[in-house]
Every structure is written in C-alpha cells, then in structure tokens.
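Q: Quick one, what's the 3D model for this:
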Amino acid sequence: MLKENSDKVDSIIKLENVSFYYPESTEPVFENLSIELGPGISSLIGQNGTGKSTFLLLAGGTVLPQLGDVSILGQNTKELREVVKRHELVSFVFQNMEFDSDESIGDLLEYVFQNGFLKDVKPDFVRELVKIFELEKCLGRKTQEVSKGELQRTILAFSLLYGSRILMMDEPIFALENYQKEKAMDYLCHYSREHGIHLFFSLHELELTEKYAENILLFYKNDKLEYGPKADVFDKSKIEEAYQVPYFMLKQKEALFREQLEVQYDSDKSES
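A: Numbering: from 1, shown residues only. Below is the predicted model of the structure:
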C-alpha cells in the first residue's frame, strides 16, 4: 500500500501489515498497511474520510488492528494493556472534546501537573501555560462553564502538563481564533523541539501545516499514503491529486466556506 519515501530514521510509530475495519462497516479503513513514522513534528493531511483520525487512533494504541501490529517507540500496542502505561507513551487531543468537572480549571491544571509524567520542568510551568493559552479568566470556572475555544485551549494545556512522550492531535486548534492558532502552534512546536516530544497532528489549514510541520503524511483517496520530509511531500501536484481539488481552492478553503455560509444566510433571510 505505502512505501515510505524518506531516508531511514529511528522509528517512533511503526505499522506492520495492518488491517483495520469498524464492525459496522464491510470495507476496511486500512488493508495490509506498513509504514514507519520518524521523530519530530508530523502533519496528516488529506480529504475527509481517508482515514486520518483512524490512523491516529491506531498509531496511539487506542484501537487495535484486526491483523498486523502497531508499535509505539518499540512497544507493541497489543501488549500495552495498562492504560496508564500507554498514556505515558502517547496521549490525545481530539476535536470537540467535552467533559464535566466538579473542580475548577485552575485546580485541574495543578492536578494534572502534579500527577502526570513530567520530570525536570520548571515549577511555574502551569503559570506559563495559563499565559500562553490565555486561560487567566477560566481558572475559577469549571470545564462545562467555558466556551469551546477556552475548553480547547485548556485541553492543550492539559496535554503538555500530562507529559506523554508523543502527542496525537486531531484538529486541536479548530475552535481557536486565528491569532490563537498560530500562538498555540508556535508554542507546541517550540516545546516539542526543546523537550524531545513528538507531535502528530491533523489540521484543516494547509498554510499552518506548511508553516509548522517537519514531515507530512499524505492520505490519498485510493488508499495510498505517502510519508516523508515536508520538502518532498508538501508538493502542489501531490496535494491536488490527494484532494482532487485545485491547489488555490484549498489555500482559500476557510474563506470560501465563510462566503458560502454568508450566501446561505442571506438566502435564508430572503425566504423568511
């Protein structure tokens, strides 16, 4: 299915002859997939429905393949039966994560910091993240009392405070304002390089992938994947083949979507 096109590097995530399907589906998401992903900052890009979210779940050991093996830093996910042990290796940030809490966000940040896997970090790390993710106004509130953007920024702070060696992030900045997206990605990538944490993320915004990723995992519609350094894979012709849309339209995707919403809104008003 996929033949890795980059030079050999130490494997962070390794899939060997992996086949996976959801019980309610007759078609596999992946079939006989073998790939090795290296260290650093990697972005998953491709059309919706090509398996990016499922790949993250498999690569992080949250779901297991029906056939084949997945390894995280050399450990087979089938043998990582203890959730805490698996989370020491890898943790997730999902789009639209929601949960209710009895404690305030300020107390939860301190709890995660004290009970995670971080070592040798400065004692004011919580305060630093509160500033970076603009959580000052949220500290006295509970998770169910804040906006989607505030909650998503809180979860990003949790993910760093928890201290896993790998972060899997599926649309982690979707609810943030534009300047907050860049601020968050700047910090995440700086932290990754400074502390040797490996990031795997999917984003809708190709311009942010181009700016921040070191490696690209490109998902095509025909079950082909391509992985390698950004200079090799983030290529206009390859991206157009994968998305089946002209490149300039992808670069303007968010603006076009907003325009469509405005047109629909005006149409609805005129009909009412």
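
Q: how about the strands of the stretch 151-272 of the chain, start to end?
A: Per DSSP state E, counting those that start in this stretch, the stretch 151-272 of the chain carries strands over the ranges 166-170, 198-202, 215-219, 225-229.

Q: now for these, which one comes closest to residue 83?
A: Set against residue 83 and scored by C-beta to C-beta, these come closest in strand 166-170, at 14.8 Å. Just so you know, the C-beta spots here come from the backbone N, C-alpha and C atoms, and that holds for glycine as well.

Q: quick one: contacts of the closest one?
A: Strand 166-170 has contacts (C-beta atoms under 8 Å, 6 or more residues apart in numbering) with 12-13, 52-53, 56, 59-60, 72-73, 89-95, 159, 188, 192, 197-202.

Q: Only the C-alpha atoms, please, for that strand, written as PDB.
A: Taking C-alpha atoms only, strand 166-170 is exported to PDB below (Å, rounded to 0.1, in the frame of the first residue of the first chain):
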ATOM      1  CA  ILE A 166       4.100  11.600  21.900                       C
ATOM      2  CA  LEU A 167       1.100  13.800  21.300                       C
ATOM      3  CA  MET A 168      -1.600  12.800  18.800                       C
ATOM      4  CA  MET A 169      -3.700  15.800  17.900                       C
ATOM      5  CA  ASP A 170      -6.800  15.600  15.700                       C
END
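
Q: Show me where the stretch 151-272 of the chain has its helices.
A: Applying DSSP state H, counting those that start in this stretch to the stretch 151-272 of the chain gives helices spanning 178-195, 206-212, 230-233, 236-243, 247-251, 253-271.

Q: Which of the ones you listed has the lowest mean pLDDT?
A: Comparing mean pLDDT across those, the weakest is helix 253-271, with a mean of 44.

Q: need the helix or strand of the protein with the lowest average pLDDT.
A: Of all helical and strand segments in the chain, the minimum by mean pLDDT, DSSP states H and E falls on helix 253-271, at a mean of 44.

Q: before we move on, back to that, looking at the strands of the stretch 151-272 of the chain, which is closest to residue 145?
A: strand 166-170 (24.1 Å).

Q: Relative to that closest one, what are the paired strands and their orientations?
A: Using DSSP bridges, the strands paired with strand 166-170 are strand 90-93 (parallel), strand 198-202 (parallel).

Q: what does the first one rub up against?
A: By that I understand strand 90-93. Residues outside strand 90-93 that contact it (C-beta under 8 Å, 6+ apart) are 56, 59-62, 72, 155-156, 159, 162, 164-170, 172.
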